[in-house]
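Enquirer: build me a structure from this.
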Amino acid sequence: MRRSVLQPWIGAETGCDSREALDRWQLARLREAVAYAKANSPFYREHLREVRPEDIVGRDSLSRIPFTTADQLRAGPQLWLCCGAAQVERIVTLKTSGTTSAPKRVFFRREDQERTVDFFAHGMGELVCPGDRVLILMPGKQPGSVGDLLERGLARAGVQAVQGGPVADIAACYGLLRASGCSCVVGIPAQVLGLAEYRTLLPPSERARLKSVLLSADAAHPALKRRVGELMGCEVFDHFGMTEMGFGVAVECSAHQGCHIRENHILVEVVDPETGAPLPDGQTGELVFTTLDRRAMPVLRYRTGDMGLLPAGPCPCGSFIRRMVPRGGRLRDRGRLWALDGVLLDCPGVVDYALEEGDGLSLTLLGVRPPELEEARRRLKQAGIEPVSLTSRAITGFSGTGMQKRTLSERSD
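Expert: Presented below is the predicted three-dimensional model:
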């Protein structure tokens, strides 16, 4: 087992060769980020009015910095800016699924996006080697989109990218996979599982051979990840990304015990979702992210609404780079989608599901063929979940970009 590919990159950028040295380096950069934000952003000038950078002397003093939230970002994204409009290279507008809330807008300067490209160039070294070909099944047509930045990072590593976009048509996408000769796929979890299930319908001579898959854009439950690996016959890696953080946050190593964080750019905490108090390593809570070097729009102590933990101790791969493990889903739905994922995405033939909540839970299982209901019903009952309606149907593709986080929808009867 090799050490995480991020460690030599982070070590070269920071000059750190130990956990203790990297912790000190991050705190120094955090103090600089706070001072920069206060000096240049109208929002942070007021938000951090009582914060003195010199008072941030350890991780136990991070609580001196007040949290930021998605609601604050929606309320006035331009006020977060630390530069003039002419310096902004890319603006991303994020609509919130299942609500009528105002969209979030996130601003990037050229150097902000360059850091993400560099992360992709090094992080993809976990999955591919120079000369490989990668099929990117994420939005990539627009300059500065996640697929475009990934392609640029791969090119820097001597790897060729094929842009496929989100999987609108499963059969056509699998045909592109075969024709392109790609040995790696990067895609959205449910969509990649759809390709994996479609592969089982084909004779062995028509099945593409992959050496690796990277799941991104939405948290992949271990049940889904396991099925993708079994059906595709390859190694499956997790990537955790968030647009507010510049898309890339952390990537899994070959030990498969958490995603190593790009700690030269991002600091990650876990806090109690009720009190906001910091939690020790190994305990599950709400993930809180801080950018350390963003120039257009610094994001400081941002409450993500995602649940996860920071594993205690070094990784089995031998790296001291901190890891994170998404676990428990979204706070907003109290982890119910994550629990359903663990049951339904472990059922043969299920690639995704649709649900509604009103007088009771209504579920529709989705697959490349209509999934069998009896096994799903049995597993749901074992988990203490009894929907008022359970149906299934076949799908030929996925709608939309797949980049929004999933939410529960409620019927208004």
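
Enquirer: residues making contact with the lengthiest helix in the chain?
Expert: Ranked by residue count under DSSP state H, the longest helix found in the chain is helix 19-40. Under the contact criterion C-beta atoms under 8 Å, 6 or more residues apart in numbering, helix 19-40 has outside partners 10, 14-16, 44-45, 48, 51, 53-54, 56-59, 62, 65, 82-83, 263, 267, 290-294, 298, 300, 314, 320-322. To be clear about C-beta, it is placed using only N, CA and C from the backbone, and glycine gets the same treatment.

Enquirer: what subset of these is buried?
Expert: 10, 14, 16, 44, 48, 51, 53, 56, 62, 65, 82, 263, 267, 290-292, 294, 298, 300, 320-322 (16 or more other C-beta atoms under 10 Å).

Enquirer: these in strands, which ones?
Expert: Using DSSP state E, the subset of these located in strands is Leu267, Thr290, Thr291.

Enquirer: give the contact list for the residue nearest to the first one when sequence neighbours are not counted.
Expert: In other words, Leu267. Nearest residue to Leu267, sequence neighbours excluded (C-beta to C-beta, 6 or more residues apart in numbering): Thr290, at 4.4 Å. By C-beta under 8 Å, 6+ apart, Thr290 lies in contact with Leu30, Ala33, Ile65, Ile266, Leu267, Val268, Glu269, Val299, Leu300, Arg301, Tyr302.

Enquirer: got the confidence number for the fifth one?
Expert: Think Leu267. On the pLDDT scale, Leu267 is placed at 98.

Enquirer: what residues of the helix or strand where Tyr353 lies count as buried?
Expert: Secondary structure assignment for Tyr353, by DSSP states H and E: strand 352-357. Across strand 352-357, burial judged by 16+ other C-beta under 10 Å covers Asp352, Tyr353, Leu355, Glu356.

Enquirer: so what does it touch, helix or strand wise?
Expert: helix 189-199, helix 336-344, strand 361-367 (3 or more C-beta pairs under 8 Å, 6 or more residues apart in numbering; DSSP states H and E).

Enquirer: try 10 Å this time
Expert: In terms of contacts (3 or more C-beta pairs under 10 Å, 6 or more residues apart in numbering; DSSP states H and E), strand 352-357 is packed against helix 189-199, helix 336-344, strand 361-367, strand 389-394.

Enquirer: which one of the ones you listed has the most crowded surroundings?
Expert: A comparison of these by mean neighbour count, using mean count of other C-beta atoms under 10 Å, puts helix 189-199 on top with a mean of 24.

Enquirer: if I look at Lys38, how far off is Asp55?
Expert: Applying C-beta to C-beta, to the nearest Å, the value for Lys38 to Asp55 is 13 Å.

Enquirer: hey, what's Gly308 bridged with?
Expert: Applying DSSP bridges to Gly308 gives these bridge partners: Gly285, Pro326.

Enquirer: wait, it sits on Asp281?
Expert: No: no contact is recorded between Gly308 and Asp281 when judged using C-beta atoms under 10 Å, the distance being 11.7 Å.

Enquirer: neighbour-wise, which of these two wins?
Expert: Taking neighbours as other C-beta atoms under 10 Å, Gly308 and Asp281 compare with Gly308 leading, 22 against 12.

Enquirer: and Gln87, how many neighbours?
Expert: The number of residues packed near Gln87 is 14, by other C-beta under 10 Å.

Enquirer: in this structure, which spans are helices?
Expert: Listed in chain order, the helices of the chain (DSSP H) span 6-14, 19-40, 42-47, 70-75, 110-123, 146-156, 170-180, 189-199, 222-232, 336-344, 373-382.

Enquirer: just the buried residues of the fifth one, please?
Expert: I take that to be helix 110-123. Result for helix 110-123 [16+ other C-beta under 10 Å]: buried residues Asp112, Gln113, Arg115, Thr116, Val117, Asp118, Phe119, Phe120, Ala121, His122, Gly123.

Enquirer: now swap in the longest one and tell me
Expert: Going by neighbour count (16+ other C-beta under 10 Å), the buried part of helix 19-40 is 22-23, 25-27, 29-31, 33-34, 36-38.

Enquirer: break the protein into its domains for me.
Expert: Listed domain ranges for the chain are 6-114+253-330, 336-394 (source: automatic domain parsing).

Enquirer: take those domains and write them to JSON lines, including distance to Gln191.
Expert: Shown next, in JSON lines, are these (distance: least, C-beta to C-beta, whole Å):
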{"stretch": "domain 6-114+253-330", "distance to Gln191": "16"}
{"stretch": "domain 336-394", "distance to Gln191": "8"}
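
Enquirer: to Thr200, which of those lies closest?
Expert: Among these, the nearest to Thr200 by C-beta to C-beta is domain 336-394 (8.4 Å).

Enquirer: mean confidence for that closest one?
Expert: Mean pLDDT, domain 336-394: 95.

Enquirer: again with stretch 217-233
Expert: pLDDT averaged over stretch 217-233 gives 95.

Enquirer: next one: stretch 294-302
Expert: 98.

Enquirer: can I get stretch 167-175 in PDB, CA atoms only?
Expert: The C-alpha coordinates for stretch 167-175 follow below in PDB (Å, rounded to 0.1, in the frame of the first residue of the first chain):
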ATOM      1  CA  VAL A 167     -25.400  10.600 -17.700                       C
ATOM      2  CA  ALA A 168     -28.500  11.600 -19.600                       C
ATOM      3  CA  ASP A 169     -28.700   8.300 -21.500                       C
ATOM      4  CA  ILE A 170     -27.200   5.200 -19.800                       C
ATOM      5  CA  ALA A 171     -26.800   3.100 -22.900                       C
ATOM      6  CA  ALA A 172     -25.200   5.900 -25.000                       C
ATOM      7  CA  CYS A 173     -22.900   6.800 -22.100                       C
ATOM      8  CA  TYR A 174     -21.700   3.200 -21.800                       C
ATOM      9  CA  GLY A 175     -21.100   3.100 -25.500                       C
END
